[in-house]
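Participant: Pasted the sequence and its predicted model underneath.
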Amino acid sequence: MEAVIRTQLVETLEGKGSHIPFSKAVHKFPVDLAGKKVRTLDHTAWSLVFHMWIAQKDILEFSRDPTYESPAYPQGYWPEFLKPAFTQEWKDTIREIGADLGEMIALIRDPHNDLFAPFPWGAGQTLFREAVILAGHNSYHIAQLVDIRMLLGAPVRDW
């Protein structure tokens, strides 16, 4: 049964199921639109991508490092500027999101990591809980990215 749970957690984090993967949400996204604000929305594509990166990194590091300290909330989870400083920053952040997601998936797949044992350094958090939080957080912001793309005239197709 635990193997099934691990597989389902991984599939959810990979975007298999009810939402598209992050990689498809940002695939061929015009970098010049990454900092463009849609009048009725609070965030740009860049601010969402940056936020996803920091939040995911926070969950990953908390899940594996007892000495890790989270960024200050909320300012530490959002970029200072609404657009990336340069194109490479956009690309590097997207790459980091993929790499960190891969590391979280590796933690989940590793049968030596108990999914349900509370972390000794936490307040009852478990690897299972952190994976579910990450999946929900990512899917929420992936949907926002898709909406922003549509509103900016750069639609994404997942079918």
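Facilitator: It's in. Everything quoted here is computed from the prediction, not taken from an experiment.
Participant: residues making contact with the longest helix along the chain?
Facilitator: If you go by DSSP state H, the chain has its longest helix at helix 127-151. If you take Cβ atoms under 8 Å, 6 or more residues apart in numbering as the criterion, helix 127-151 is touched by 5, 9, 12-13, 15, 18-22, 25-26, 29, 38, 41, 43-45, 48-49, 51-52, 55-56, 59-60, 62-63, 101, 104, 107-108, 113-117, 119, 155-156. Where C-beta positions appear, they are placed from N, C-alpha and C, glycine not excepted.
Participant: average model confidence for that helix?
Facilitator: Mean per-residue pLDDT for helix 127-151: 96.
Participant: Emit the ChimeraX select command for whichever of the contacts of helix 127-151 are buried.
Facilitator: Typed into ChimeraX, the line below selects the buried ones among these, using 16 or more other Cβ atoms under 10 Å:
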select :9,12,13,15,19,20,21,22,25,26,29,43,44,45,48,49,51,52,55,56,59,60,62,63,101,104,107,108,115,119,156
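Participant: Just the contacts of helix 127-151: which are in helices?
Facilitator: Going by DSSP H, the helices hold 5, 9, 12-13, 22, 25-26, 45, 48-49, 51-52, 55-56, 59-60, 62-63, 101, 104, 107-108 from those.
Participant: For residue 104, which non-adjacent residue is spatially closest?
Facilitator: residue 60 (4.9 Å; Cβ to Cβ, 6 or more residues apart in numbering).
Participant: now could you export just the CA positions of stretch 33-41 as CSV?
Facilitator: Extracted C-alpha coordinates of stretch 33-41, given in CSV (Å, rounded to 0.1, in the frame of the first residue of the first chain):
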residue,chain,number,x,y,z
LEU,A,33,5.7,39.0,-21.0
ALA,A,34,7.0,37.5,-17.8
GLY,A,35,6.9,40.9,-16.0
LYS,A,36,3.8,42.2,-17.7
LYS,A,37,1.0,42.9,-15.2
VAL,A,38,-2.6,42.1,-16.1
ARG,A,39,-4.8,44.9,-14.9
THR,A,40,-7.1,42.8,-12.7
LEU,A,41,-4.4,40.5,-11.2
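Participant: Just the residues contacting that stretch, thanks.
Facilitator: For stretch 33-41, contacts defined as Cβ under 8 Å, 6+ apart pick out 44-46, 49, 81-84, 90, 144, 147-148, 151-152, 154.
Participant: got the buried residues for that stretch?
Facilitator: 33-37.
Participant: can I get those residues in CSV with pLDDT?
Facilitator: Compiled in CSV, the buried residues of stretch 33-41 are given as follows (pLDDT from 0 to 100):
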residue, pLDDT
33, 96
34, 97
35, 96
36, 96
37, 94
